[in-house]
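1. take a look and give me a structure for this.
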Amino acid sequence: MSFDRGKLRNIGIMAHIDAGKTTLSERILFYTGISHKMGEVHEGSAVMDWMEMEQERGITITSAATTLFWEGVQINLIDTPGHVDFTMEVERSLRVLDGAVAVFDAVHGVEPQSETVWRQADHYKVPRICFFNKMDRVGADFERGLKSIKEKLSLTPVPLQWPLGREDSFQGVIDLIEEKALFWDKDELGKQFSVVEIPSEYKEIVNKQREFLIEKAVEGEEHLMEKYLQDQPLTPEEIRQGIRKQTLSLQITPVLCGSAFKNKGVQPVLTAIKNYLPSPLESPPEQGQTLKGETVLCETEDKKPLIALAFKIVFDSFSGTLTYIRVYSGVLKIGSSFYNVRQKKTERIQKLFKMHSRFRKEVQEIHAGDIGVVAGLKFTQTGDTLCIKEHSVALESLDFPEPVISSAVEGKTSEDQSRLEEALKKLQREDPSCRVQKDPETGQTLLMGMGELHIEVLVDRLLKDYKVKTRVGKPQVSFKETPIQKSSSSGEFVREIAGVKHFSKLILEAEPLERGKGFDFKNETGTLPDDFVKAVQQGAEQAILSGPFMGCPVQDLRVTLKEAEFREEEASSLAFQSAASQALQKALRESGSHLLEPVFSVEVVTPEEFTGSIIADLNSRGGQIEQMGRRKDLQVISAKTPLRNLFGYATDVRSLSQGRASFSMEMTGYDLLPEKEKQKFLV
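-> Here you go, the predicted model:
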């Protein structure tokens, strides 16, 4: 049977934590027949949250993939995490997906992590539909939710439905295209619903919203616009055609609503995925670079040479390394080999799978446009391109942010230490947002991550998944350094190595940049060959890995190569790289260093009576209150707070509010550590 890419959807589900992503995913699995029983997050029985730590905490930690079918369409579905510490799981999923369902809490609307994942989807130009979940909750407000996504996400929301009732009277939805009401009133499992006439009290709002819907549908289709201007009625299929075109071009975002937990409104989400999100054939062709630097387009055809991207790696106790891949061109077949461009290695495919959460089904091939899993690859890392060596192409890889927190880890015995080192290598391969390094002063092994919860999960994995008895130190903030003032210094390398003379001499200037500008390199010599300029830049980049004050990485720095002495017979990349590293280290010592600390935006949602205590506590942590507002009868407090003062904050918020307040936080960047705090690090 031929593979029909037009009937394939590669879709992610994304949201802020606790918006109900995984609950929605579990209902989707049930209604498509993949699961025979609904998994519940609060019971720890969710199929998509299969890790023990996910079931214990009731949150999604790692992306889970599954394949299902609905109305003749194959859907590759990835349920992504909502917690800020695991944002990179969302990033690498969106990198390979064609469309997404953004889930919002109908009570709270757009929340901080909602904005983060929306920006990630914007970066990859992923068409989306929105689903307002929890319409049955007290405080749910669909119209307020529409306003929040319009204002905070700068999009044009187009409701395809209108809620029938709200809070505890929520019964279903009104289909604005078909002009019918869908009631989930009899079947507790939500499989069956009634399609009836729209109640009279909704006629006015339905007419208004349907008119707006049609206006947006005809904007992208000339023949539909002509019919509309001539007052000719549009068929439901014509309206869907217009909405689809506008959605795929990112002009509008269709919006649906329901209550996943109460099993209401889930089936229309599946139909909307089929109707409005793209197949691989409708997504812009993936671009790659040849070894000569030429841009090529990856045509989504089986007959073209293989081009695929590895976007996730998992270690399995039975199958070893499982590498998740998206095939953009060609076919991946059992028994065939491919070339890894970045690793410059050839690997052979022994087994291929289609995944259902942690379970898998063996297949013979993965076609262009599809997502699957390769077992047993030895060298492939996240972000690597798989291709045919004769047609070597490198796709855009993934950039992972620097960790902001670290904990010292060590094995309890020498045997445990050996096993720990092996386990840490696997953790880094699975999760590139965690890093491992040696403290140059103490010799301790530092496990570094994106937040307190991230570190907790990594340590849990060492203990439970890898069975390594581990001692863990108290979490520490990962600081950065930045120069205080402009300075310059010379570097010289004169040495004979294996009978060959190496010489270089240069002057570098280092100056501070604005916060968040990172690292910039300039060459003002005009005469030094490009290969040696590149070597100078590499030497500078090596030098900034360890700053002069605490050995922290240096950022917000511009390095300028002012002068360079060049002797053609003795010049070498090694000489210029070494001289540059030496010169920059001297310049940074002379400049002096400010310490930079990670700062987070914290949003607390609390009942009114606890507002004073919450604000006082944030102030005591060095937080700056930036905004206060209301969300129904709740107070919303936004503050900019140093990470060093946020350890244990989840426990303190519960204590201050009798367990009734919730909070979220997102890193905003690095700020100068106050001088009095810096003095604590001086010996």
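2. quick one: Leu68 from Lys208, how far?
-> 36 Å (C-beta to C-beta, to the nearest Å). The way it works is simple: take the backbone N, C-alpha and C, and place the C-beta from them, glycine included.
3. the two: who's more crowded?
-> Neighbour count, other C-beta atoms under 10 Å: between Leu68 and Lys208, Leu68 has more, with 20 against 11.
4. what is that one paired to in the beta sheet?
-> Ile75 (DSSP bridges).
5. could I get the contacting residues of it?
-> Applying C-beta atoms under 8 Å, 6 or more residues apart in numbering to Leu68 gives the contacts Ile28, Leu29, Thr32, Gly33, Ile34, Gln74, Ile75, Leu77.
6. show the subsequent helix or strand relative to the lengthiest helix in the chain.
-> Identified as the longest helix of the chain according to DSSP state H is helix 573-591. Counting by DSSP states H and E, the next helix or strand C-terminal to helix 573-591 is strand 593-607.
7. so which elements touch the longest helix of the chain?
-> If you count contacts as 3 or more C-beta pairs under 8 Å, 6 or more residues apart in numbering; DSSP states H and E, helix 573-591 packs onto strand 480-483, strand 487-497, strand 500-512, helix 530-543, strand 557-565.
8. which element is the nearest residue to Thr67 once chain neighbours are set aside on?
-> Among residues not flanking Thr67 along the chain, Lys354 sits closest, at 5.1 Å (C-beta to C-beta, 6 or more residues apart in numbering). Per DSSP H and E, Lys354 falls inside strand 351-356.
9. list the helices and strands that strand packs on?
-> Counting contacts by 3+ C-beta pairs under 8 Å, 6+ apart, strand 351-356 packs against strand 64-70, strand 359-363, strand 371-375.
10. so Arg630 makes contact with Val636?
-> Yes: taking contacts as C-beta atoms under 8 Å, Arg630 lies within contact range of Val636: 6.7 Å.
11. flag the least confident of the contacts of Leu68.
-> Among the contacts of Leu68, Ile34 carries the lowest pLDDT, at 77.
12. confirm it sits in a helix?
-> No: assigned with DSSP: H, G, I helix; E, B strand; the rest coil, Ile34 falls outside any helix and is coil.
13. spatially nearest residue to it (excluding sequence neighbours)?
-> Closest to Ile34 by C-beta to C-beta, 6+ apart is Leu68, at 5.0 Å.
14. so which elements touch the one helix or strand Met225 maps to?
-> Per DSSP H and E, Met225 falls inside helix 222-229. Identification of packing neighbours for helix 222-229 by 3+ C-beta pairs under 8 Å, 6+ apart yields helix 203-218, helix 236-248.
15. still on that earlier bit, tell me the contacts of the residue nearest to Thr67?
-> Applying C-beta under 8 Å, 6+ apart, the residues contacting Lys354 are Thr67, Arg360, Lys361, Val363, Gly372, Val373.
16. can you do 10 Å?
-> 65-67, 74, 76, 360-363, 366, 370-373 (C-beta atoms under 10 Å, 6 or more residues apart in numbering).
17. can you put these in a markdown table and add neighbour count and distance to Glu492?
-> Listed next are the contacts of Lys354 as a markdown table, based on neighbours: other C-beta atoms under 10 Å; distance: C-beta to C-beta, whole Å:
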| residue | neighbour count | distance to Glu492 |
| --- | --- | --- |
| Ala65 | 22 | 55 |
| Thr66 | 22 | 60 |
| Thr67 | 19 | 61 |
| Gln74 | 18 | 64 |
| Asn76 | 24 | 57 |
| Arg360 | 20 | 58 |
| Lys361 | 12 | 63 |
| Glu362 | 11 | 61 |
| Val363 | 18 | 60 |
| Ile366 | 26 | 55 |
| Asp370 | 25 | 57 |
| Ile371 | 25 | 54 |
| Gly372 | 24 | 55 |
| Val373 | 25 | 53 |
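18. any chance of these in TSV, plus distance to Glu597?
-> As requested, those are exported to TSV (distance: C-beta to C-beta, whole Å):
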residue	distance to Glu597
Ala65	37
Thr66	40
Thr67	44
Gln74	48
Asn76	41
Arg360	43
Lys361	48
Glu362	49
Val363	49
Ile366	45
Asp370	44
Ile371	39
Gly372	43
Val373	40
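19. now, among the residues you listed, which is nearest to Ile484?
-> Relative to Ile484, the closest of the contacts of Lys354 is Ala65; by C-beta to C-beta it sits at 48.4 Å.
20. and the gap between the closest one and Gln627?
-> Per C-beta to C-beta, Ala65 is found 37 Å from Gln627.
21. bridging residues for the residue lying closest to Val459 once chain neighbours are set aside?
-> Leaving aside its chain neighbours, Val459 sits nearest to Val472 (5.3 Å; criterion: C-beta to C-beta, 6+ apart). As for beta bridges, Val472 partners with Val409 under DSSP bridges.
22. quick check: pLDDT value at Val472.
-> The predicted local confidence for Val472 is 89.
23. got a list of what it touches?
-> Going by C-beta under 10 Å, 6+ apart, the list of residues near Val472 reads Ser407, Ala408, Val409, Glu410, Leu447, Ile455, Glu456, Leu458, Val459, Leu462, Leu463.
24. so how far is the longest helix of the chain off the chain centroid?
-> Remark: helix 573-591 is offset 36 Å from the chain centroid, using C-alpha atoms, centre = their mean, to the nearest Å.
25. report the buried residues of it.
-> Within helix 573-591, the residues scored as buried using 16 or more other C-beta atoms under 10 Å are 573-588, 590-591.
26. helices and strands of this structure: which one bottoms out on pLDDT?
-> When the helices and strands of the chain are scored by mean pLDDT, DSSP states H and E, helix 52-57 comes last with a mean of 48.
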